[in-house]
Structure formats: structure tokens, C-alpha cells
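*Asks:* Give me a 3D structure for the following:
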Amino acid sequence: MSYPRCSVTAVNDALAHERLVGVLQLIDRWGGLYERRWGKQAPYQEQPELASQVDALIDEVRTRTKLAHDVITVMGEKELAAKVVEHEEGLYGGHPFTQARVAIVEAVAILAQREELAEIVGPIGPRLVASELHPNIWSAAAKLWDDGYVRPAVQTAATALEGLLQRIAGPGLSGENLAILFSINDPTIGSPRLRLRDVDPTSKTWKSAHEGAAALVRGAFMGVRNLVSHPGWPDPSPREAIEMLAVLSYVAHLIDRSDVVNSS
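*Replies:* As a prediction, the model looks like this:
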């Protein structure tokens, strides 16, 4: 099953370009030694004295080629990545990484074209990296997302958020009712509160922050979890789904920034 495509980047193009070029240079260095060892370059006679150098470098070539394979996979070029492997000697008329080298060259060209297109199009603003969402949210969604199950990924992430809140409020509350944790009213017996750190409790900001956090909790469940759980709501596109996950992630981060206050 193919991965859902959306406006989420999982790779730093500039860093990927740098790493792939480095792998190319390593393959070329090793390949030159290999071909001289077996007399495939001038003076066209075997040079057994190079055998130790060829053997010493082969493990690094294999390791870095694996990195190139993984980078190209994350780029979304899975068919190209499948070519970035070691093959039998002579299979493609060269050393065992001849096919991999050609594929990496193509991947570097793809990245260069992306960079050129970005210059032509101009600034496009920040990009949301899914792996940088709150770890509890993304870890709950990642496997389903990668398998192409976008809607269940959002549902599972929402359940993970509910669990984070229920650890504080207790299992007696669920969904939007968990917003009471950010209520500006004092905690009562059996009903703790979450208080955002580093906000002056005498300021208007404090009230706004906590009322806003409560509204976000309600929105996370009423506007995200409930909708994707109802069969009448259409399946979200990958772009819509990642935005839903971002809402859940922000609420989870607010929990991390808060202290639990119990009734004295």
C-alpha cells in the first residue's frame, strides 16, 4: 500500500542532497580502487596490493549506501530506492555498486530540481514535519498513517490524547468533558486542575490562556475526534488529517506545560 502524500515534508532537502553527494564520492573512491585492483583501469592489469584497501572500505560503502537507500525512500522515491543496493559483481558491467551509483545520481538530480523550483516559486513558509508532533500523538498515529489508514490514524491519536488527560482527571471523565481540567475555577476534591506554568495568575493572560486551553480541549474532541469517528463525516484528505493531528499535538503540548493542582 502506498503512503498518503500531503504537504508534509519528512526530509530536509539540503541535508539529503549533502549526504547523497557524500555517498556518491565514497562509492567513486571505492569504485576506483576496485577497478584498479582488478585491472579495469589503466594500466589494465590486476594490482593485488590494492586488495586490502578495497576490503577495508567495503563495509563503509555498504553502510553509507544503506543510508542513501533510506534517504531516497523518505524522499518518496521508493522505486528508485529499490535500486540502491549491492548487486553481484559484473551484473551491470561494473563494480557491485554501479546500479546504486546511477540511482543516487538521479536522486541528487531530483533534489537539485526541487531546490531550483523553490527558488522559482519563492518562499512558501514553514512546513509541518509530522515527526515533530507531540511524541504521544505521532507515535499513536504513525504506523496507521504509514500503512495508508489516515482516518484511523487520527482516531487513534485522539484516543491517546484522551488517555493523557484521563491520567490526570480520572476515568470518570471523557471527551470534551475533560476541558474542566483547564477551568479557571479552583480545584475541588476529586477534580484537579491543570495550571500553565510561567503565567502570572493575576493577569488577564492567565484567564485567557486557561479558557483558551479548555476551548481547545473541547475542540480537539468535538471538532476532530468526534467527526472522524462518525460514519457520516467524509474521510479527511492527508492534508486535513495532518492539520487535525496538529490540533491534538498542540493540546498535548499544553498538558506538558502545565502543573497538576489538587484541592488542598
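*Asks:* Using PDB, write out the CA atom coordinates for the host helix or strand of L111.
*Replies:* Per DSSP states H and E, L111 falls inside helix 98-121. Only the C-alpha atoms of helix 98-121 are listed here, as PDB (Å, rounded to 0.1, in the frame of the first residue of the first chain):
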ATOM      1  CA  THR A  98      27.200   0.500 -10.200                       C
ATOM      2  CA  GLN A  99      23.400   0.400 -10.200                       C
ATOM      3  CA  ALA A 100      23.300   2.100  -6.800                       C
ATOM      4  CA  ARG A 101      25.500   4.900  -8.000                       C
ATOM      5  CA  VAL A 102      23.300   5.600 -11.000                       C
ATOM      6  CA  ALA A 103      20.200   5.700  -8.800                       C
ATOM      7  CA  ILE A 104      21.800   8.100  -6.300                       C
ATOM      8  CA  VAL A 105      22.900  10.400  -9.100                       C
ATOM      9  CA  GLU A 106      19.200  10.500 -10.200                       C
ATOM     10  CA  ALA A 107      18.100  11.200  -6.600                       C
ATOM     11  CA  VAL A 108      20.600  14.100  -6.400                       C
ATOM     12  CA  ALA A 109      19.200  15.500  -9.600                       C
ATOM     13  CA  ILE A 110      15.700  15.300  -8.200                       C
ATOM     14  CA  LEU A 111      16.700  17.200  -5.100                       C
ATOM     15  CA  ALA A 112      18.500  19.800  -7.200                       C
ATOM     16  CA  GLN A 113      15.400  20.300  -9.200                       C
ATOM     17  CA  ARG A 114      13.400  20.800  -6.000                       C
ATOM     18  CA  GLU A 115      15.800  23.400  -4.900                       C
ATOM     19  CA  GLU A 116      15.600  25.200  -8.200                       C
ATOM     20  CA  LEU A 117      11.800  25.000  -8.200                       C
ATOM     21  CA  ALA A 118      11.700  26.500  -4.700                       C
ATOM     22  CA  GLU A 119      13.800  29.400  -5.900                       C
ATOM     23  CA  ILE A 120      11.400  30.000  -8.900                       C
ATOM     24  CA  VAL A 121       8.300  29.700  -6.800                       C
END
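*Asks:* List the buried residues of it.
*Replies:* For helix 98-121, a neighbour-count test (16 or more other CB atoms under 10 Å) marks T98, Q99, A100, R101, A103, I104, A107, V108, I110, L111, R114 as buried. In short, each C-beta sits where N, CA and C put it, glycine included.
*Asks:* Distance of the nearest residue to the last one once chain neighbours are set aside relative to A112?
*Replies:* Meaning R114. Nearest residue to R114, sequence neighbours excluded (CB to CB, 6 or more residues apart in numbering): D13, at 5.4 Å. As defined by CB to CB, to the nearest Å, D13 lies at a distance of 9 Å from A112.
*Asks:* cool, and A158?
*Replies:* Per CB to CB, A158 is found 40 Å from A112.
*Asks:* go on, L144?
*Replies:* Distance from L144 to A112, counting by CB to CB: 34 Å.
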